[in-house]
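[1] Got a sequence here, can you model it:
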Amino acid sequence: MSPSNSISAPVDLLGPSFWARPPAERALTFQRMRALPHPEHHHLPAAGFMPAVDYHAVVTHADIAEVSRRPYDFSSAGATSILDLPGEFNEYYGSMINMDNPEHARLRRIVARAFGRGMVPEFEAVATATARRIVDELLERGGGEFVRPVAAEMPIAVLSTMMGLPSDDYEFLFQRSNTVVGGLDPDYVPPAQAGTAVLQASRELGDYIGRLSEERKARPRDDLITKLAHAQVEGEALTRQELVAFFILLVVAGMETTRNAISHALLLLTRHPDQKQLLLADLPGRLGGAVEEVLRVATPINWMRRVATRDCELNGTRYRAGDKLFLFYWSGNHDETVFAEPDRFDISRDPNPHLTFGSIGPHFCLGAHLARMEITALFRELLTRVPGIHAVGEPRRLESSFIEGIKHLECAF
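    Numbering: from 1, shown residues only. Prediction:
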């Protein structure tokens, strides 16, 4: 990189402190970076248990989309981690999101039969019933905490019902997922125990799904665990490690991201009453657009990592084999060359080609339609029966660079 494309005091885009800054400050940082002729090169010195990290910050919508379209030039191995994970973590995080083809394609074919679009009617029925129960319980409580009983309950209950998991286990899933995504948040994990606690939570999730899978092999039921335990494509079934890694991916990607999108939705509609009134004026006609705009503005997953597999060129920038690239989806979703007034929350925005589920390519989110369905079902029920619901006070945000999380949020109506 040329000297003009580097910074003397690099911003630690991979540290929780940057993501804890006010959104306007964050937006200005990325706006400056998007204006540069090439992706900015970062060198972060070693600190504590973290070794030095060199990477390229990919921040424009066009560059993120192009990387996503070229999996043979940019590998997804280690996509969800800043560093290459130690071997003991691979049992739990070696899922298809961290794989390239042909392994990725094989696993995606197997699990797509259980979570693909053919399952939409069944998921939709469960989502509608779950949303109704959650709002019933919210009305009984009269407001209060929103994250655990509403935002988190929706994806946990929907996925657990479809998988055949008992409701007594919901809190176990909630607590373990908090540890996995909140490994750098002292509210969830003491700083000195981060690696140990995350590994232990992952092991407990792995043992849990492994036990249930063996039970379903012996005594099949009409649920998704049974389908995954018995699924075969071209004579191949999921190994125990593959099933464990996929289940942990579901807990994090399928539950955590939807939970945080729901929390952000309440916050955004509260802070933008004009948009809420616009939505209430035509809930059936505008809810779909509102969900897409929440997903764009909130961007529950801030980044993914890619590694150049060979020397190559991308939109005028040369990369060498082994270069690490971080795709900052939050920045791409605020790119002013794609979104007019990108920092404005506008439920009527159309088109809205956000990158929240990735871009065109093999790693576009397999569960995108399910996440949209869950958010839509819950807010259809909420705003029909409790149109006055609003956030109270300020949210407590997760200390993380990877997840745009909300730990606590009060609501009233």
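[2] What about residue 252, how many residues nearby?
    22 (other CB atoms under 10 Å). C-beta: built from backbone N, CA, C; applies to glycine.
[3] That one against residue 180, yeah?
    Yes - using CB atoms under 8 Å, residue 252 is in contact with residue 180, at 5.9 Å.
[4] Find the least confident helix or strand in this protein, judged by mean pLDDT.
    In the chain, the helix or strand scored least confidently by mean pLDDT, DSSP states H and E is strand 232-233, which has a mean of 70.
[5] Give the next helix or strand downstream of that strand.
    Following strand 232-233 in sequence order, the next helix or strand is strand 236-237 (DSSP states H and E).
[6] List the contacts of that next one.
    For strand 236-237, the external contacting residues (CB atoms under 8 Å, 6 or more residues apart in numbering) are 106, 110, 230-231.
[7] Next: stretch 215-232.
    Counting by CB under 8 Å, 6+ apart, residues outside stretch 215-232 touching it are 110-111, 113-115, 162-165, 209, 212-213, 237-238, 243, 246.
[8] Using the three-state scheme, assign residue 149.
    helix (DSSP: H, G, I helix; E, B strand; the rest coil).
[9] gap between it and residue 205?
    Distance, residue 149 to residue 205, by CB to CB, to the nearest Å: 22 Å.
[10] For residue 396, grab phi and psi.
    Here is the backbone geometry of residue 396 (degrees, to the nearest 10): phi -100, psi 120.
[11] Counting neighbours, what do you get for it?
    By other CB under 10 Å, 15 other residues sit near residue 396.
[12] what bridges to it?
    Counting by DSSP bridges, residue 396 forms beta bridges with residue 408.
[13] thought it was touching residue 406?
    Yes - between residue 396 and residue 406 there is a contact at 7.1 Å, judged by CB under 8 Å.
[14] As a check, name the ranges of all helices in the stretch 51-200 of the chain.
    61-69, 87-93, 103-115, 120-141, 153-163, 170-181, 194-218 (DSSP state H, counting those that start in this stretch).
[15] With only the CA atoms kept, save the second one in PDB.
    Output for helix 87-93, consisting of C-alpha atoms alone and laid out as PDB, is shown next (Å, rounded to 0.1, in the frame of the first residue of the first chain):
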ATOM      1  CA  GLY A  87      -7.200 -26.600  17.300                       C
ATOM      2  CA  GLU A  88      -9.500 -27.300  20.300                       C
ATOM      3  CA  PHE A  89     -12.000 -24.700  19.000                       C
ATOM      4  CA  ASN A  90     -12.300 -26.200  15.600                       C
ATOM      5  CA  GLU A  91     -14.500 -29.000  16.800                       C
ATOM      6  CA  TYR A  92     -17.100 -26.300  17.700                       C
ATOM      7  CA  TYR A  93     -16.500 -23.600  15.100                       C
END
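[16] circling back: okay, the helices of the stretch 51-200 of the chain, which one's buried deepest?
    For those, the largest average neighbour count (mean count of other CB atoms under 10 Å) is found in helix 153-163, namely a mean of 23.
[17] Now do that one against helix 103-115: the angle between them, please.
    90 degrees (axes from the mean of the first three to the mean of the last three CA atoms, to 10 degrees).
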